[in-house]
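> only geometry, no sequence info:
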């Protein structure tokens, strides 16, 4: 009888060690999996699975709270005023942090595979589309300046803007000036009319 109890104790001890080892391996496997999840995958999961607004802290010290409307490989779009008045494009380098409830944060930890088109839609691609469609925008820069008008050209590292009133169409007699704006200085691009980004 003592031997039966002895073997039962050994069996329980071995089971406990196996369980501890399995938990350690599962934990390490999860850490390894998480180390491979990129920001694009996390933000894609937020855009698909988190209907609530997220708070975005910007590098210039400002912030905004809005639903994430779209995601690209180097930008996010926040729904401006519920999506009725366009969107706000934010390049990733302008983002200091993104806040959301802990449950939503955990839900996005698995990430979501972005579509092939989504992976190719860089900020430059989106800006060139805005040029083509002549969408009025307000560009906020790291220096605290804002420029309202229409983007005439989107180059590899800068954009050309024709400045005019937000409510006016881009006409030569309405343009009050022109600016070259380095993309590195762009904090946000507010689309001043409803436009589908993706």
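Good, I have the coordinates. Since the model is a prediction, treat every value here as computed from it, not as a measurement.
> the helices in this protein, which residues?
2-35, 39-49, 102-107, 116-120, 123-133 (DSSP state H).
> what about the third one, average pLDDT?
Meaning helix 102-107. For helix 102-107, the mean pLDDT works out to 82.
> Please apply the same query to the longest one.
Model confidence over helix 2-35 averages 66 on the pLDDT scale.
> same check, this time on the last one
Model confidence over helix 123-133 averages 93 on the pLDDT scale.
> How about that helix, which residues are buried there?
For helix 123-133, a neighbour-count test (16 or more other C-beta atoms under 10 Å) marks 123, 124, 126, 127, 128, 130, 131 as buried. From N, CA and C alone the C-beta is placed, and that goes for glycine too.
> again, but for the second one
Residues 40, 41, 42, 43, 44, 45, 46, 47 are the ones in helix 39-49 that count as buried (16+ other C-beta under 10 Å).
> just the shortest one next, same as before
The neighbour-count check on helix 116-120 (16+ other C-beta under 10 Å) flags residue 118 as buried.
> same thing with stretch 178-197?
Neighbour-count burial for stretch 178-197 [16+ other C-beta under 10 Å]: 181, 183, 186, 187, 188, 189, 190, 191, 192, 197.
> Cross those against strands and list the overlap.
The members of the buried residues of stretch 178-197 that map onto strands under DSSP state E are 181, 186, 187, 188, 189, 190, 191.
> mind listing what the closest residue to residue 121 other than its chain neighbours touches?
Spatial nearest neighbour of residue 121, chain neighbours left out: residue 72 (4.5 Å); criterion: C-beta to C-beta, 6 or more residues apart in numbering. Residue 72 sits next to 118, 121, 122, 123, 125, 126 when contact means C-beta atoms under 8 Å, 6 or more residues apart in numbering.
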